[in-house]
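Colleague: can you look at this prediction? I've put the sequence above it.
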Amino acid sequence: MNSSLSLDRHGGASAALSPRVRLSTIPDDKAMLRTAAELTRDLNAPNPAIYWTDLLVSASIGYGALAVALSVGSVGWIIAAGVVAVLALYRAGSFIHEVTHIRHSALPGFRFGWNVIAGVPLLVPSFMYEGVHNLHHARTRYGTIDDPEYLPLASMKPWTLPIFILTSLLAPVALLVRYAVLTPLSLVVPGMRRVLIERYSSLSINPSFRRRLPEGSAAVQWRWLEAACSVWAITLVALVASGVFPLGKFAIVLAVTSGVYVLNQIRTLVAHLWDNDGEVMTVTAQYLDSVNVPPPATLPLLWAPVGLRFHALHHLLPGVPYHGLAEAHRRLVAALDADSPYHKANYAGLPGLVARLVRSTMGRRA
């Protein structure tokens with residue numbers, strides 16, 4: 001890797017290629033961390049009305065648009081409705097991130113509701129993220145070989161980026177196989193259950209990650225959610241195989257769900273700079289390796305919904321609910337000096353972030 005962080009004239013982190021500073025050598029900026037904690041204490045409580053309204057409206061628009069795509073005959077209308085369905089279902093699905101972070105006592109029933117509305121229908125139940133994403137936030141795991149959500153993409157070969165995106169196209173089929181075929185088989189094939197849990201039960205990008213077997217209440221919840229997903233996947237496959245659900249309409253469903261997973265993969269691609277060498281980093285270094293795409297940019301509302309446009313800030317303040325991040329960002333921008341590291345993780349938009357990553361990988365031999 002040869003890219004470094006430097007402050008550009010707009011106060012953002014530039015993507016200029018130069019001899020880089022190793023992230024693992026960056027000390028914590030105690031003033032920034034202290035200010036972030038002090039200025040946002042009143043923003044830590046999730047608002048149930050906002051959560052439920054946002055989820056229900058997003059899901060209603062998404063499933064409604066999908067129904068339109070399945071019922072109209074015009075290719076143009078199918079595409080238009082499909083795009084709306086992708087964006088709305090992606091937003092509804094993105095609440096899995098909030099489900100993983102929130103105190104469930106503060107939002108009673110929300111995890112169950114989200115699983116019913118989005119997790120099971122999209123075959124991404126909450127257990128695939130809970131117990132996984134929290135490791136990504138662990139102080140000594142972020143950016144290391146033990147981080148399930150980190151790969152040094154900035155230093156990998158150029159062909160890894162298109163493969164990284166293209167694999168998400170196959171996610172709907174892979175999830176159908178996982179729940180309709182592998183789940184039932186794992187109940188009767190010796191040793192298969194452990195492999196299925198360790199390797200095929202998490203939303204992770206690190207191929208070396210192996211998750212632990214669930215225990216206690218997590219195991220009980222896991223069984224019910226996995227059973228629901230399995231029944232849904234088997235039912236869907238049976239309906240298509242029997243002709244009850246036409247293959248053409250099934251192709252539209254696959255296209256929409258593929259669009260959701262591809263959009264999420266693109267967002268993942270620019271959620272971090274992926275500049276770490278696998279060493280342990282300070283919280284400040286982790287922040288600088290992460291990305292905010294704040295206002296005035298507007299498109300991030302679509303490709304980084306539910307607070308994901310403030311991903312770097314989220315790594316500073318993982319306890320702040322998504323609806324409080326914009327206010328937290330406003331306060332910190334106003335309170336922190338221009339030379340604070342906080343301003344160096346703010347970027348203008350998706351194109352520049354993608355271009356930065358492409359330039360970094362193109363500097364490697366294929």
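Modeller: Structure's in. What do you need? Residues are numbered from 1 along each chain as shown.

Colleague: grab the nearest non-local neighbour of Pro318.
Modeller: Taking Cβ to Cβ, 6 or more residues apart in numbering as the measure, Pro318 lies nearest to His137, with 5.4 Å between them; neighbours along the chain are not counted. In short, each C-beta sits where N, CA and C put it, glycine included.

Colleague: report how many residues lie close to the one you found.
Modeller: A count of neighbours around His137, defined by other Cβ atoms under 10 Å, yields 16.

Colleague: likewise for Leu135?
Modeller: By other Cβ under 10 Å, 20 other residues sit near Leu135.

Colleague: what pLDDT is listed against it?
Modeller: Per-residue confidence (pLDDT) for Leu135: 94.

Colleague: wasn't it part of a helix?
Modeller: Yes: applying DSSP: H, G, I helix; E, B strand; the rest coil, one finds Leu135 inside a helix.

Colleague: test my guess that it contacts Asp146.
Modeller: Yes: contact status for Leu135 versus Asp146: in contact at 7.0 Å, counting by Cβ atoms under 8 Å.

Colleague: and the residue nearest to Pro318, how far from Val262?
Modeller: When distances are taken as Cβ to Cβ, to the nearest Å, His137 and Val262 turn out to be 25 Å apart.

Colleague: do Gly73 as well
Modeller: The spacing between Gly73 and Val262, counted by Cβ to Cβ, is 26 Å.

Colleague: what's the answer for Thr284, then?
Modeller: Where Val262 is concerned, Thr284 sits at a distance of 32 Å (Cβ to Cβ).

Colleague: which one of these two has more residues nearby?
Modeller: Relative neighbour count places Thr284 above the other of Thr284 and Val262, with 21 against 18, counting by other Cβ under 10 Å.

Colleague: so the more buried one makes contact with Ser24?
Modeller: No: with contact defined as Cβ under 8 Å, Thr284 does not reach Ser24; the gap is 11.5 Å.

Colleague: CA atoms of stretch 209-229 as PDB?
Modeller: Coordinates of each C-alpha in stretch 209-229 appear next as PDB, following Å, rounded to 0.1, in the frame of the first residue of the first chain:
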ATOM      1  CA  PHE A 209     -13.100 -15.900   9.600                       C
ATOM      2  CA  ARG A 210     -14.700 -18.700  11.600                       C
ATOM      3  CA  ARG A 211     -17.500 -17.900  13.900                       C
ATOM      4  CA  ARG A 212     -18.100 -19.600  17.200                       C
ATOM      5  CA  LEU A 213     -21.100 -21.900  17.800                       C
ATOM      6  CA  PRO A 214     -24.000 -20.000  19.500                       C
ATOM      7  CA  GLU A 215     -24.800 -20.600  23.100                       C
ATOM      8  CA  GLY A 216     -27.700 -20.000  25.500                       C
ATOM      9  CA  SER A 217     -30.500 -17.600  24.300                       C
ATOM     10  CA  ALA A 218     -28.500 -16.800  21.100                       C
ATOM     11  CA  ALA A 219     -28.700 -20.500  20.100                       C
ATOM     12  CA  VAL A 220     -32.400 -20.600  20.800                       C
ATOM     13  CA  GLN A 221     -33.000 -17.500  18.700                       C
ATOM     14  CA  TRP A 222     -30.700 -18.800  16.000                       C
ATOM     15  CA  ARG A 223     -32.700 -22.100  15.700                       C
ATOM     16  CA  TRP A 224     -36.000 -20.400  15.300                       C
ATOM     17  CA  LEU A 225     -34.700 -17.900  12.700                       C
ATOM     18  CA  GLU A 226     -32.900 -20.500  10.700                       C
ATOM     19  CA  ALA A 227     -36.000 -22.700  10.700                       C
ATOM     20  CA  ALA A 228     -38.100 -19.800   9.400                       C
ATOM     21  CA  CYS A 229     -35.600 -19.000   6.700                       C
END
